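A.B. asks: Provided below for reference: sequence and predicted model.
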Protein chains: 2
Amino acid sequence: MTRVTLLAGGVGGAKMAEGLAALPDVTLTVIGNIADDDEFHGLWVSPDIDTLTYSLAGLIDRSQGWGVADEGHRALEVLFRLGQDCWMSLGDRDFGLHIWRTMRRGRGDRPSLIAQDAARALGVGPRIVLPTDDRVQTRVRADAGWLSFQEYFVREKCAPEIRELRFDGIDSARPTPEALAAITGADLLVLAPSNPLVSIAPILGINGITEAFRAAKAPKLAVSPFIAGKVVKGPADRMMAALGMRADALGVAERYAGLIDLLVIDAQDADLRDPITALGMRAECRPILMRDQADKQRLAGELLELAQVTA
Amino acid sequence: MTRVTLLAGGVGGAKMAEGLAALPDVTLTVIGNIADDDEFHGLWVSPDIDTLTYSLAGLIDRSQGWGVADEGHRALEVLFRLGQDCWMSLGDRDFGLHIWRTMRRGRGDRPSLIAQDAARALGVGPRIVLPTDDRVQTRVRADAGWLSFQEYFVREKCAPEIRELRFDGIDSARPTPEALAAITGADLLVLAPSNPLVSIAPILGINGITEAFRAAKAPKLAVSPFIAGKVVKGPADRMMAALGMRADALGVAERYAGLIDLLVIDAQDADLRDPITALGMRAECRPILMRDQADKQRLAGELLELAQVTA
């Protein structure tokens, strides 16, 4: 069995996780991003972890890539009538999980354990691990002021130009023993095709996690979230450009230089192989767009093959 | 305008409230029972207050007399998968209110204010007032031990024989100023056809409420929850019998002796008029079964007429 540890954000990370989880000889651990967690209506919502959980449980709404299939919005309708801001679309099934998570957090249970128990109860095979049990929250500065990530992402639909990013709480956040062990004990480390700035960075930024990642003996791969200068989903392209970075696979390579051995890029980005290689990592072209389960599984298999060459 | 203050439990109380609320010259205040409130999945649920609110807002599920119409149960399905006990049927719309109530309680808002704001937001005309902002909870002793009211009523479907009743917290519970004012300032005080033991008693049992009720100058009426020795809904008959009381309109009169001027009973209980009168109150026969809005409104009108004779 190959122990694969994937660092992942939401939708793109979940697709990569589904591919790896389907491989016969892989034991998968996913370290998910918790920095876009937030409180809504007094309940603690963990969008990236939930997307991983719902995807790996087969409950995900495939048409949108997040949320639960066969969802209703009756609770949110009532909250709206009660005067609540309801721009965060939370379905009734989803509320069930948020209610339960909040109840358990209120009892003092570790967020990691709650995420693990939810995954198990909903039938998820791979382990879903939190990078920290402490609160870390992405804040985005636009011209109008600081926004929470969900305010920027959902309420403002990524429209404001970003001036600055910060991760509240990250300096004092302690890594979970599970996350450190999953990195140290991996046979293969993969950075998912997730947003490098707001999905991968707040995982690697937890004290001790980058150090463990660097010290790990396993081959370290990343899959580019960019294809021909565009992202499949989310605001990574606009965020990177706004913050003065290259918004393409080379920009991703610049972020991950010194950290990974190999960046998997799309064939459309073959012209970036040389400049990426110049940063001290290999670059390999593969079809990285994951439209369906066959795509996910094929790409996952290719990562394992590439890792054998790297190892 | 006649200021009517109704002390009420759940379904029967809500029907009486709907009747009174429909009268043109009545300003209605309902003091609802909070002693069967309980926490489910970390959320605070207030079944009698919610039944009043949903009924008076026109949102009630008429087929069952409680809960919200057009309800779903997706949140509860997820909570069940997560291992929660789900014998308390909580719908998705209902969860919206419980989430909001719990959020506001968590901020330290007075339960009375929360109930008032919910009623207003959902379009309730009459005022819904809590007897206390403190926690008072009915406990029922069966042979197997003490149960919360909802455990007895919903989970155990009222099957266990009751040995004892108590109201945890009632000795130290302070009345709300709104409840005292609604009693003192009323032109007519009505005890709804609710369970005398677990709906009306925990309201009257709050420090100062019985005293205010006794001291009030307004005529005091009660409507019997019994017709021919049976209750329309709920366990009042079995509870009263188990605790050694008469389980009929006369048993209700015995509970309310010295407190009310008039008990309205059904024509089928005409034979109880003399023994009720012997307890020091008038007894009047009226059709008290409320099957539809016309019944509710007619009975409410008759209460006002009877009150004029009493005054």
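C.D. replies: Alright, I've got the coordinates. This one's a predicted model, so the numbers in the text were calculated from it and none came from an experiment. Residues are numbered from 1 along each chain as shown, chains lettered A, B, ... in the order given.

A.B. asks: may I see the buried residues of stretch A:29-39?
C.D. replies: A:29-38 (16 or more other CB atoms under 10 Å in any protein chain shown). To be clear about C-beta, it is placed using only N, CA and C from the backbone, and glycine gets the same treatment.

A.B. asks: one more: stretch A:250-263?
C.D. replies: For stretch A:250-263, by 16+ other CB under 10 Å, it's A:250-256, A:259-263.

A.B. asks: next one: stretch A:2-21
C.D. replies: So, applying 16+ other CB under 10 Å, buried residues of stretch A:2-21: A:2, A:4-21.

A.B. asks: for it, list the C-alpha coordinates in PDB.
C.D. replies: Below are the C-alpha coordinates for stretch A:2-21, written out as PDB (Å, rounded to 0.1, in the frame of the first residue of the first chain):
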ATOM      1  CA  THR A   2       1.200   3.500  -0.800                       C
ATOM      2  CA  ARG A   3       0.400   6.000   1.800                       C
ATOM      3  CA  VAL A   4      -0.500   9.200   0.000                       C
ATOM      4  CA  THR A   5      -1.100  12.500   1.900                       C
ATOM      5  CA  LEU A   6      -2.900  15.200  -0.100                       C
ATOM      6  CA  LEU A   7      -3.000  18.800   1.000                       C
ATOM      7  CA  ALA A   8      -6.300  20.200  -0.400                       C
ATOM      8  CA  GLY A   9      -8.800  23.000  -0.500                       C
ATOM      9  CA  GLY A  10     -12.400  22.600  -1.600                       C
ATOM     10  CA  VAL A  11     -13.700  21.600  -5.000                       C
ATOM     11  CA  GLY A  12     -10.400  20.900  -6.900                       C
ATOM     12  CA  GLY A  13      -8.900  19.300  -3.800                       C
ATOM     13  CA  ALA A  14     -11.900  17.100  -3.400                       C
ATOM     14  CA  LYS A  15     -11.700  15.900  -7.100                       C
ATOM     15  CA  MET A  16      -8.100  15.000  -6.600                       C
ATOM     16  CA  ALA A  17      -9.000  13.200  -3.400                       C
ATOM     17  CA  GLU A  18     -11.700  11.200  -5.200                       C
ATOM     18  CA  GLY A  19      -9.200  10.100  -7.800                       C
ATOM     19  CA  LEU A  20      -6.600   9.000  -5.300                       C
ATOM     20  CA  ALA A  21      -9.200   7.300  -3.100                       C
END
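
A.B. asks: sheet partners, orientation included, of the helix or strand A:Leu189 falls within?
C.D. replies: Here A:Leu189, judged by DSSP states H and E, is contained in strand A:188-191. With DSSP bridges as the test, strand A:188-191 is paired with strand A:2-8 (parallel), strand A:220-223 (parallel).

A.B. asks: contacts only, for whichever residue of the stretch 101-250 of chain A sits closest to chain B.
C.D. replies: Closest residue of the stretch 101-250 of chain A to chain B, CB to the nearest CB: A:Met103 (3.0 Å). When contacts are counted by CB atoms under 8 Å, 6 or more residues apart in numbering or on different chains, A:Met103 touches B:41-43.

A.B. asks: tell me the buried residues in the biggest helix by length in chain A?
C.D. replies: The longest helix of chain A (DSSP state H) is helix A:293-310. Residues of helix A:293-310 classed as buried: A:296-297, A:299-304, A:306-307, A:310 (neighbour count, 16+ other CB under 10 Å).

A.B. asks: by pLDDT, give me the weakest of these.
C.D. replies: Within the set of those, pLDDT is lowest for A:Thr310 (65).

A.B. asks: next up, the contacts around A:Leu76.
C.D. replies: Counting by CB under 8 Å, 6+ apart, the residues that A:Leu76 touches are A:86, A:89-92, A:95, B:96.

A.B. asks: mind running it again at 10 Å?
C.D. replies: Going by CB atoms under 10 Å, 6 or more residues apart in numbering or on different chains, A:Leu76 touches A:40-41, A:84, A:86, A:88-92, A:94-95, B:92-93, B:96, B:99.

A.B. asks: repeat for A:Leu279
C.D. replies: A:250, A:253-258, A:260, A:263.

A.B. asks: using a markdown table, lay out these together with distance to chain B.
C.D. replies: Listed next are the contacts of A:Leu279 as a markdown table, based on distance: CB to the nearest CB, whole Å:
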| residue | distance to chain B |
| --- | --- |
| A:Leu250 | 43 |
| A:Ala253 | 41 |
| A:Glu254 | 42 |
| A:Arg255 | 37 |
| A:Tyr256 | 37 |
| A:Ala257 | 42 |
| A:Gly258 | 42 |
| A:Ile260 | 37 |
| A:Leu263 | 38 |
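
A.B. asks: tell me which of those fall in strands.
C.D. replies: In strands, judged by DSSP state E, the following of the contacts of A:Leu279 are found: A:Leu263.

A.B. asks: biggest separation within the contacts of A:Leu279, which pair?
C.D. replies: By the measure CB to CB, A:Leu250 and A:Gly258 form the most distant pair in those, at 15.1 Å.

A.B. asks: picking that back up, mean pLDDT for the strands paired with strand A:188-191 - can I get that in JSON lines?
C.D. replies: Compiled in JSON lines, the strands paired with strand A:188-191 are given as follows (pLDDT from 0 to 100):
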{"stretch": "strand A:2-8", "mean pLDDT": "98"}
{"stretch": "strand A:220-223", "mean pLDDT": "98"}
